[in-house]
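J.: how would this look folded up:
(chains A and B, ligands or ions: 3)
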Amino acid sequence: MKGTRGVRTTIALKILMAVSGLLFLAFVALHMYGNLKAFAGHDAYNEYAHHLRTFAEPMLPFGGLLFVTRVVLVLSLVVHVGCAVALWRRAQAARTVPYVVKKHTGATYASRLMRWGGVTILLFIVWHLLNFTIGKVNVSGGPTSDPYDLVVDSFQVWWLTLIYLAAMLMLGAHLHHGIWSALQTLGLTPHARSRRLAKQAAFTIALVISVGFSLVPVFVLAGVIDK
Amino acid sequence: MKLTLNIWRQASTASAGEMKTYQVEASPDMSFLEMLDVLNEELNEKGEEPVAFDSDCREGICGMCGLMINGEPHGPERTTTCQLHMRSFADGDTITIEPWRSTAFPVLKDLCVDRGAFDRIIQSGGYISVNTGAAPDAHATPVPKDNADRAFDAATCIGCGACVAACPNGSATLFLGAKVTHLGELPQGQAERWSRVVDMVGQHDHEGFGGCTNIGECVAACPKEIPLDVISQLNSDLRTAIRKGH
Ligand code: HEM
Ligand code: SF4
Ligand code: FES
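T.: Ligands and ions are numbered 1, 2, ... in the order given. Sure thing, here's the model as predicted:
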């Protein structure tokens, strides 16, 4: 259409999704690394949590970097989910009469799970923040003032660990397709070789992140990490 | 071979359609369209309305003959419907035949859809403006071999719409990518390169096609084996166009 603006296209929405998604990726990678401090014991873990707040002092005030991070993440979430909803609605309008028979040749399962998987991840994020950040819910009824103890108390509850493992499976699937998709959306995979590399990298990173996150809950439940 | 066919019947764009079941006797040497011709002759003899379906060249180069066959565009082989043969099926099979399902490709009748949306996308920028007159010498403008090869591969797209039919998002991005890559690889295509990509994507969105999520069902369905590379090229061209103020 003559006079179309590049920023008003579906591809621009996709670029926004890719950039916000990659910001999430950077965050979850650092977050996973931080969680692994639980293996170093009570003091090391709590010190790390405290350090996140004193980081870059006195250039930033106490908790300053954390504040900036939260603002960026919330904005990214609004953008990511907003674009996802817009594209979802477009896709539904683009085929209103379904096929009687439809095969999905060439699609990975992960790629077809992006939307409902994303919704699951969103629900999980809400619960997760209630659990550890905003609400601080200790499902075993204990105190919530000590970050390390709250983690141990939480994952000693088998069903809570199960919820987290399920969420990490979803996150892994989302990243398995999402990382490769983001690289393709940004136009970084213009030949067969770069596409193969992007897909391999996406799978590896997704695996490292979902398994990395799962280690702490599993080892708490197994009694290896305790108070 | 005896076959049971489930075929979408719809009298016109405005009317409601439904699946109808037919029996037909075909030979494995027939092409898929010849098998439908046999069915139509029988329907004609019985005084019933024959099944409307499109075809033109019947040699895999015009892109008219797209049908959704058992849930796959152009059926189980990597080819056009006209190049599909009945030996790809077994005696006693049930075959479900539907039109392309896309809001941007309204059903005209039975299995025929209107792919005019593709023509309008081409009109919006899928060309190179030149002064007409005597054709220039073929070697007047040198084209590096790699660019020529890539342009040529992308140019094999026949506009059949199988990519749209396969896509869970109803997106025509593979088609768009093929056209943008084809013209963008050539020296003659540079002058309009950045306005072209934005105008074509704008027309695509305007026609009601969905957005791409890089699933890849389009590539599995494309009879011309257009690769996902072209979508990456399209995305990077669009990003460059935005940077250049389009
Ligand atoms: C909060 C709920 C979320 C929803 C509803 C959601 C939904 C989606 C959807 C629908 C897509 C596009 C699907 C596609 O391209 O195939 C997508 C892409 C993506 N998502 Fe999410 N997502 C969510 C959270 C996340 C999180 C937490 C991360 C990172 C850890 C993430 C990373 C990505 C990436 C990297 C992409 C690829 C962007 C692209 O396709 O170019 N998403 N997401
Ligand atoms: S890209 Fe392939 S499937 Fe799509 S219109 Fe062109 S030839 Fe047909
Ligand atoms: S009839 Fe021309 S491609 Fe099939």
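J.: can you tell me the residue of chain B closest to ligand 1?
T.: As assessed by C-beta to the nearest ligand atom, ligand 1 sits closest to residue B:213 within chain B, at 3.1 Å. Placement of C-beta: from N, CA and C, glycine included.
J.: which residues touch whichever residue of chain A sits closest to ligand 3?
T.: The nearest approach of chain A to ligand 3 comes at residue A:105, 19.6 Å away (C-beta to the nearest ligand atom). Residue A:105 sits next to B:72, B:166, B:217, B:220, B:221 when contact means C-beta atoms under 8 Å, 6 or more residues apart in numbering or on different chains.
J.: contacting residues around residue 142?
T.: Picked chain A for this. Counting by C-beta under 8 Å, 6+ apart, residue A:142 touches A:149, A:150, A:153.
J.: Please refer instead to chain B.
T.: By C-beta under 8 Å, 6+ apart, the neighbours of residue B:142 are residue B:187.
J.: gap between it and residue A:164?
T.: Residue B:142 sits 60 Å away from residue A:164, going by C-beta to C-beta, to the nearest Å.
J.: now swap in residue B:159 and tell me
T.: Distance from residue B:159 to residue A:164, by C-beta to C-beta: 49 Å.
J.: Also residue B:230?
T.: Look at residue B:230 and residue A:164: by C-beta to C-beta, they are 40 Å apart.
J.: for chain A, which spans come out with low pLDDT?
T.: Within chain A, the stretches falling below the threshold (pLDDT under 70) are A:135.
J.: can we see that at 80?
T.: For chain A, the stretches flagged by pLDDT under 80 are A:1, A:56-58, A:134-137, A:140-143.
J.: circling back: residue B:230 and residue A:164 - which one has more neighbours?
T.: A count of neighbours by other C-beta atoms under 10 Å in any protein chain shown puts residue B:230 above the other of residue B:230 and residue A:164, at 26 against 22.
J.: can I assume the residue of chain A closest to ligand 3 sits in a strand?
T.: No - checked against DSSP: H, G, I helix; E, B strand; the rest coil, residue A:105 lies outside a strand; its state is coil.
J.: Could you report the distance from it to ligand 1?
T.: 17 Å (C-beta to the nearest ligand atom, to the nearest Å).
J.: for residue A:72, same thing?
T.: Taken as C-beta to the nearest ligand atom, the span from residue A:72 to ligand 1 is 13 Å.
J.: re earlier: taking the contacts of residue A:105 together, which two end up most distant?
T.: The distance between the two most remote of the contacts of residue A:105 (C-beta to C-beta) is 9.5 Å, for B:72 and B:217.
J.: Which neighbours do those two have in common?
T.: Contact with both residue B:72 and residue B:217 is made by residues A:105, B:166, according to C-beta under 8 Å, 6+ apart.
J.: Can you tell me how far residue B:240 is from residue B:212?
T.: In terms of C-beta to C-beta, residue B:240 sits 18 Å off from residue B:212.
J.: between those two, who's got more neighbours?
T.: Using other C-beta under 10 Å as the criterion, residue B:240 and residue B:212 rank with residue B:212 on top: 30 against 16.
J.: Tell me, how many residues neighbour residue 173?
T.: Just so you know, I chose chain A. Neighbour count for residue A:173, taken as other C-beta under 10 Å: 22.
J.: oops, I was thinking of chain B
T.: Residues lying near residue B:173 (other C-beta under 10 Å) number 29.
J.: isn't it right next to residue B:234, touching?
T.: Yes - using C-beta atoms under 8 Å, residue B:173 makes contact with residue B:234 at a distance of 6.7 Å.
J.: ok, the contacts of residue A:105 vs residue A:169, which is closest?
T.: Nearest to residue A:169 among the contacts of residue A:105, with distances taken as C-beta to C-beta, is residue B:217, at 23.5 Å.
J.: show me what contacts that closest one?
T.: The contact partners of residue B:217, by C-beta under 8 Å, 6+ apart, come to A:104, A:105, A:106, A:107, B:166, B:167, B:168.
J.: Any idea how many residues pack against residue B:246?
T.: Using other C-beta under 10 Å, residue B:246 has 20 neighbouring residues.
J.: Enumerate every residue touching the closest residue to it other than its chain neighbours.
T.: Nearest non-adjacent residue to residue B:246, counting by C-beta to C-beta, 6 or more residues apart in numbering or on different chains: residue B:198, 4.5 Å away. The contact partners of residue B:198, taken as C-beta under 8 Å, 6+ apart, are A:4, A:5, A:6, A:9, B:125, B:238, B:241, B:242, B:246.
J.: In three-state terms, label residue B:198 for me.
T.: Once three-state DSSP is applied, residue B:198 turns out helix.
J.: Can you tell me how far it is from residue B:21?
T.: For residue B:198 relative to residue B:21 (C-beta to C-beta), the value is 47 Å.
J.: now residue A:146
T.: Here residue A:146 is placed at a distance of 69 Å from residue B:21 (C-beta to C-beta).
J.: Compare neighbour counts for those two and give me the winner.
T.: Neighbour tally, residue A:146 and residue B:21, criterion other C-beta under 10 Å: the higher count belongs to residue A:146, 16 against 10.
J.: Now do the contacts for the residue nearest to that one when sequence neighbours are not counted.
T.: Distance criterion C-beta to C-beta, 6+ apart; nearest residue to residue A:146, sequence neighbours excluded, is residue A:46 at 6.9 Å. Neighbour list for residue A:46: A:146, A:147, A:148 [criterion: C-beta under 8 Å, 6+ apart].
J.: Residue A:179 belongs to a helix?
T.: Yes - under three-state DSSP, residue A:179 sits within a helix.
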